[in-house]
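> Make a model of this:
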Amino acid sequence: MPASAARTNVADHSEFVFSRVLDAPRERVWRAFTEADQLEHWWGPKGFKLHVEKLDLRPGGIFLYRMRSAGGQEMWGRFIYREIAAPERLVFVLSFSDEQGGITRAPMSETWPLQMLNIVTFTERDGRTTVTLRGRPVNATDEERATYVAGFESMQAGFGASFDGLAAFLARA
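Residues are numbered from 1 along each chain as shown. I've put the predicted structure just below:
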């Protein structure tokens, strides 16, 4: 394998961090992240409707979902859960997928990593919850890691919009 295609499990400088404080208790925010009927109200890019195909919340379990834009564009994604420590921490590997849950390339980039490890922590203070997501590519080539790092600004905007949706959902619920 050429050096440029070498894969690593080490995060090096390619860790993405996103954090948001939400006006809801930790247990409530945890349920929004772990229950299908709640995830469908906020997870995913702005302008897309989420449908949960499967949610098996256990280590080794899968969250398989379909997102559809108003214009009919469809994307699939999946989490494979590695660790669940309610209500403090979720660890999962995120990938784009097909309808059966098989890993696929991202529709927006041929060099986007196939898998990203995400660690989400939930901490509560005075009835408000801070959610922090840390992500990094798994088994990525140097080119895939570079594409991931180049996408940080876009990911900040995307997660920002999703968490805006989460905040609005929590305010309504």
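
> Contacts for stretch 90-106, please.
33-34, 53-54, 62-64, 66, 75-84, 107, 112, 114-120, 135, 138 (Cβ atoms under 8 Å, 6 or more residues apart in numbering). No exception for glycine: its C-beta is placed from N, CA and C like everyone else's.

> one more time with 6 Å
The contact list for stretch 90-106 (Cβ atoms under 6 Å, 6 or more residues apart in numbering) reads 62, 64, 76-83, 112, 114-120.

> Please check those and keep the buried ones.
Neighbour counting by 16 or more other Cβ atoms under 10 Å classes 62, 64, 76-81, 112, 114-120 among the contacts of stretch 90-106 as buried.

> Point out the ones among the residues you listed that are inside strands.
Mapping the buried ones among the contacts of stretch 90-106 onto strands (DSSP state E) picks out 62, 64, 76-81, 116-120.

> May I see those residues arranged in CSV, with pLDDT as well?
Formatted as CSV, those follow (pLDDT from 0 to 100):
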residue, pLDDT
Ile62, 98
Leu64, 98
Trp76, 97
Gly77, 97
Arg78, 98
Phe79, 97
Ile80, 98
Tyr81, 98
Met116, 98
Leu117, 98
Asn118, 98
Ile119, 98
Val120, 98
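
> Wasn't Ala168 part of a helix?
Yes: when DSSP: H, G, I helix; E, B strand; the rest coil is applied, Ala168 is found to be in a helix.

> Tell me, how many residues neighbour the nearest residue to it once chain neighbours are set aside?
Sequence neighbours aside, Trp42 is the residue nearest to Ala168 in space, at 7.6 Å (criterion: Cβ to Cβ, 6 or more residues apart in numbering). Trp42: 19 surrounding residues under other Cβ atoms under 10 Å.

> wait, Trp42 sits on Ala167?
No: assessed by Cβ atoms under 6 Å, Trp42 is found out of contact with Ala167, at 8.5 Å.

> Now do the strands for this structure: every range, in order, please.
So, for the chain - with DSSP E - the strands run 16-22, 48-55, 62-69, 74-85, 89-97, 103-104, 116-125, 128-137.

> Alpha carbons of the second one, as CSV, please.
Same thing as strand 48-55. These are the backbone C-alpha positions of strand 48-55, laid out as CSV (Å, rounded to 0.1, in the frame of the first residue of the first chain):
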residue,chain,number,x,y,z
PHE,A,48,-34.5,17.0,5.3
LYS,A,49,-37.1,14.8,6.9
LEU,A,50,-35.7,11.8,8.9
HIS,A,51,-37.3,8.4,9.0
VAL,A,52,-35.9,5.9,11.5
GLU,A,53,-35.7,2.4,9.8
LYS,A,54,-34.2,0.7,12.8
LEU,A,55,-33.0,1.7,16.2
